[in-house]
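1. got a predicted structure plus its sequence, pasted below:
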There are 2 protein chains.
Amino acid sequence: MTTTTRSACLALDALDPLRPLRDEFALPPGVIYLDGNSLGALPKATAARVQQVVTEEWGIGLIRSWNTAGWIDLAQRIGNKIAPLVGAGENELIAADATSVNLFKVLSTAIALQRLDAPARRVIVSERSNFPTDLYIAETLAREHGLTLTLIDADELPAHLNDELAVLLLTHVNYRTGRMFDMAEVTRAAHAAGALVVWDLAHSAGAVPVHLTRDHADFAVGCGYKYLNGGPGAPAFVWAHPRHTERMDREQLRQPLSGWLGHAAPFEFTTGYRPALGIQRFVCGTPNLLSMAALECGIDVFRRAEAHGGIGALRHKSLALSSLFIELVEARCAGYGLTLVTPRELAHRGSQASFAHLDGTRASGGYPIMQALIARGVIGDFRAPDLLRFGFTPLYTTYADVWDAAEHLTAVLESGEWKAARFNQRAAVT
Amino acid sequence: MTTTTRSACLALDALDPLRPLRDEFALPPGVIYLDGNSLGALPKATAARVQQVVTEEWGIGLIRSWNTAGWIDLAQRIGNKIAPLVGAGENELIAADATSVNLFKVLSTAIALQRLDAPARRVIVSERSNFPTDLYIAETLAREHGLTLTLIDADELPAHLNDELAVLLLTHVNYRTGRMFDMAEVTRAAHAAGALVVWDLAHSAGAVPVHLTRDHADFAVGCGYKYLNGGPGAPAFVWAHPRHTERMDREQLRQPLSGWLGHAAPFEFTTGYRPALGIQRFVCGTPNLLSMAALECGIDVFRRAEAHGGIGALRHKSLALSSLFIELVEARCAGYGLTLVTPRELAHRGSQASFAHLDGTRASGGYPIMQALIARGVIGDFRAPDLLRFGFTPLYTTYADVWDAAEHLTAVLESGEWKAARFNQRAAVT
């Protein structure tokens, strides 16, 4: 049993230094949103800003806005606002394209660098439960370059840090379990073995402290529409350590998506490709300005969060929320087939809590249980084959939300309402 | 001398069957916009639709909108609306990513198909004055695959259709000169020589009739933010002939950007990549929903244009506008160093008119002349080293606009006002 009460949760909310930030979001009434790890909520500032870009910058400014509204610098301006959230320096990180596309750029680059420096290394290693897009991109690149992609479980990693390893590709926080790697330690061990490391920060940026430069990471990509609240399909971001971009500058190395906006002088319209300096070479085509503008609004909330304790306070609250949820669910839902798959140890946990569901009569009730919860206004998500995922976004999730979500989950399980046929009909997106 | 008068232009506007469509656009007062070939104007419907996506679909629907608002089908729905504009069939074309990124996908695929079928063919041919991003992507892919990229002038093409040619990469309408290739004839000749053809439709889609399927094209990409009026940096599109996608289905062939949304079952989250059927395999990551929604509004104008004569009427008016502009400029601006570089023959002309500028004292006055025109509210653009570009978008450009633009150009040249220092200061984007 837990001794926590709803009153205690309300008291925690009253004391929460981050509480004012919830008012920056347009959260729908009657909803407890625990899916900010999939699509972040809408900042209140976004609608007006996007409208301004549409009606003023595009509608009135038209082509002139590339100069007058600063469109040409927007991707780098946003990159410079994301950079402090992941421990990157000024002009080292840029917003562009989708995460999958950016991963293709940096993984290709890491492979190319190893082909120059250590051609005998022929293996890419990733985690079997990594997000599929990372595995699919790696599989195709491995095939194209005659390398082997080896998929392992996280605890097998030490055995694979050997003289065959070219590139280690890991997602910092696992999208299913919420388990977090120690970036400093893994990077150090991989470098000691002679490998490069590509980090996917999709479930880290804006959610947990990340120190790319301090931890000597090689390359990173991340997502704009999860914890950064940039809107559905927001542009992603890409980072490379300055030691790599400086080398690429010196040796005129390119990434494969050598589009015109990654050229050193795009408006000279010359026939030969000459990569731009630094991270700018990782840009390809023209950025989606409307989506970029929305992304900037999402990131600006984090800048205002600095006055409320910043990423330290966010991390503290995130862990408090997930710990509270785990405590409440385990105390109340015992005997209903839920098993925590997220690490209990705080240092190994991202900003979510996932439970596998199995019962005696079905393979998993995960899908219909989540549908029943969503029908009650508690929005998490389901990941096949058996996971209920709950993301905790400390910018806008309250302790009382967590209490209420656990109450609803308890009621769904106790009542058995999830067994109703309507909760078992699969939608296109699960 | 020309016998045309402004009254005659107004009379043409009064008779123009497409005239009602201009009212669908929010054009700024005091501006004659002749740069829709670079960034199309804002449809009036777009602002409200984008706002709806932001506040309702994202803000209230949140993650549920993937199902309830049809986000998961949006890229294909838009593709199916673009398809008739370029002579493609249902579910053969899809909106995604940037043009450069899509070009990487299809050029890689064309190279891979030729590697299977005709590995002795080692040359990619493109036009020297093709848009740089096409050349840069081709240069990198040629280097990666050990092929040669040969850049030629258009009139040298027949000599290069030989048994070394693997892939011919052409932009249908040249971005500088507005010169248009005969897609049917070039494709037939290239196929007769054993080559595949990739067409870039950036300056064609929505501007000139295109018949991809009828003309047996192999692959095509195109831009959403020019004549399709999808907004700054709108998603691009990609098409492959069904004979290629059906073969890719049979042989489980992939394109290199094998992201999760191009997987046969993305929500099964399996570790191995299995390409989706048909054109869906050319999708990579999550689409930018805000930018996609704006793109759909731009394309919907063309659907309403069907009632006003459709692409046939658009083509007729486009040529009438460019011909009128050429006639007026040549009649009035003789002796000021302008030389038409756009073909006079209508069958070889896209939807723009470009003039090179040279005078006795400078290399080119193209840049400051365009700046002086923009200061007068006539917006075209400059392309280094010497081109003044004027695009004609028959959806919203009137004959009177063309008259007035020619008047302003004449005044700029006669007065010499373009020689003022303020027009010679280069902006970031030229």
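-> Alright, I've got the coordinates.
2. make it CA atoms for all contacts and neighbour counts henceforth
-> OK.
3. my guess is residue A:82 meets residue A:299, correct?
-> Yes: using C-alpha atoms under 8 Å, residue A:82 is in contact with residue A:299, at 6.8 Å.
4. looking at these two, which has the bigger crowd around it?
-> With neighbours defined as other C-alpha atoms under 10 Å in any protein chain shown, residue A:82 and residue A:299 compare such that residue A:82 has more, 28 against 23.
5. wait, is the more buried one part of a helix?
-> Yes: per DSSP: H, G, I helix; E, B strand; the rest coil, residue A:82 lies within a helix segment.
6. ok so residue A:168 is a helix residue?
-> No: counting by three-state DSSP, residue A:168 is not part of a helix but strand.
7. how about it, what does it touch?
-> Applying C-alpha atoms under 8 Å, 6 or more residues apart in numbering or on different chains, we find residue A:168 in contact with A:124-126, A:190, A:195-198.
8. helices of chain A, start to end?
-> With DSSP state H as the criterion, chain A has helices at A:6-15, A:19-22, A:44-52, A:65-68, A:71-82, A:99-117, A:132-145, A:157-160, A:183-192, A:242-251, A:289-305, A:310-332, A:366-375, A:399-415.
9. nearest to residue B:321, of the ones you listed?
-> Across the helices of chain A, the minimum distance to residue B:321, taken as C-alpha to C-alpha, is reached by helix A:65-68, at 25.9 Å.
10. so how far is that closest one from its chain's centroid?
-> 31 Å (C-alpha atoms, centre = their mean, to the nearest Å).
11. hmm, residue A:93 is touching residue A:282, no?
-> No: contact between residue A:93 and residue A:282 fails when scored by C-alpha under 8 Å: they sit 9.4 Å apart.
12. common neighbours of those two, please.
-> With C-alpha under 8 Å, 6+ apart as the test, residue A:93 and residue A:282 both reach residue A:238.
13. against residue B:65, how distant is the residue most central in space within chain A?
-> The residue lying closest to the centre of chain A (C-alpha atoms, centre = their mean) is residue A:202, at 1.8 Å. Using C-alpha to C-alpha, to the nearest Å, one obtains 21 Å as the distance from residue A:202 to residue B:65.
14. and if you look at residue A:168?
-> 35 Å.
15. OK, contacts around the residue nearest to the centre of chain A?
-> A:171-173, A:221-224, A:226.
16. right, and chain B sits closest to which residue of the stretch 1-150 of chain A?
-> Nearest residue of the stretch 1-150 of chain A to chain B: residue A:133, at 4.5 Å (C-alpha to the nearest C-alpha).
17. contacts only, for that residue.
-> A:100, B:258-260, B:285.
18. can you add distance to residue B:117 and pLDDT and give these back as CSV?
-> Listed next are those as CSV, based on distance: C-alpha to C-alpha, whole Å; pLDDT from 0 to 100:
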residue, distance to residue B:117, pLDDT
A:100, 29, 97
B:258, 22, 96
B:259, 26, 95
B:260, 28, 93
B:285, 30, 95
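19. including distance to residue B:316 and neighbour count, could these go into CSV?
-> As requested, these are exported to CSV (distance: C-alpha to C-alpha, whole Å; neighbours: other C-alpha atoms under 10 Å in any protein chain shown):
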residue, distance to residue B:316, neighbour count
A:100, 42, 26
B:258, 41, 31
B:259, 41, 31
B:260, 43, 29
B:285, 39, 22
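20. out of those residues, who's nearest residue B:17?
-> residue B:285 (41.0 Å).
21. would you confirm that the closest one contacts residue A:103?
-> No: assessed by C-alpha under 8 Å, residue B:285 is found out of contact with residue A:103, at 10.4 Å.
22. what's the domain layout of chain A?
-> As assigned by automatic domain parsing, chain A contains the domains A:6-43+A:310-424, A:70-301.
23. nearest to residue B:21, of those?
-> Here domain A:70-301 is closest among the domains of chain A (C-alpha to C-alpha), at 24.1 Å.
24. and the closest one, how far from the chain's centre?
-> With C-alpha atoms, centre = their mean, you get 12 Å for domain A:70-301.
25. what about residue A:384, how many neighbours?
-> When neighbours are counted by other C-alpha under 10 Å, residue A:384 comes out with 16.
26. and what of residue A:191?
-> If we define neighbours as other C-alpha under 10 Å, then residue A:191 has 18 of them.
27. pLDDT at the spatially closest residue to it that is not a sequence neighbour, what is it?
-> Leaving aside its sequence neighbours, residue A:191 sits nearest to residue A:197 (C-alpha to C-alpha, 6 or more residues apart in numbering or on different chains; 7.9 Å). pLDDT, residue A:197: 98.
28. so residue A:197 touches residue A:188, yeah?
-> No: assessed by C-alpha under 8 Å, residue A:197 is found out of contact with residue A:188, at 9.6 Å.
29. in terms of packing, which of those two has more residues around it?
-> Under the neighbour definition other C-alpha under 10 Å, residue A:197 and residue A:188 were set side by side, and residue A:197 has more, 26 against 18.
30. need the contact list for that one.
-> Applying C-alpha under 8 Å, 6+ apart, the residues contacting residue A:197 are A:167-170, A:187, A:190-191, A:217-219.
31. save these as TSV, and put in pLDDT and distance to residue B:393 too.
-> Below are the contacts of residue A:197 laid out as TSV (pLDDT from 0 to 100; distance: C-alpha to C-alpha, whole Å):
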residue	pLDDT	distance to residue B:393
A:167	98	49
A:168	98	50
A:169	98	47
A:170	98	48
A:187	98	54
A:190	98	56
A:191	98	56
A:217	98	49
A:218	98	47
A:219	98	43
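32. so which of those residues is the closest to residue A:153?
-> Among those, and counting by C-alpha to C-alpha, the member closest to residue A:153 is residue A:170, at 11.1 Å.
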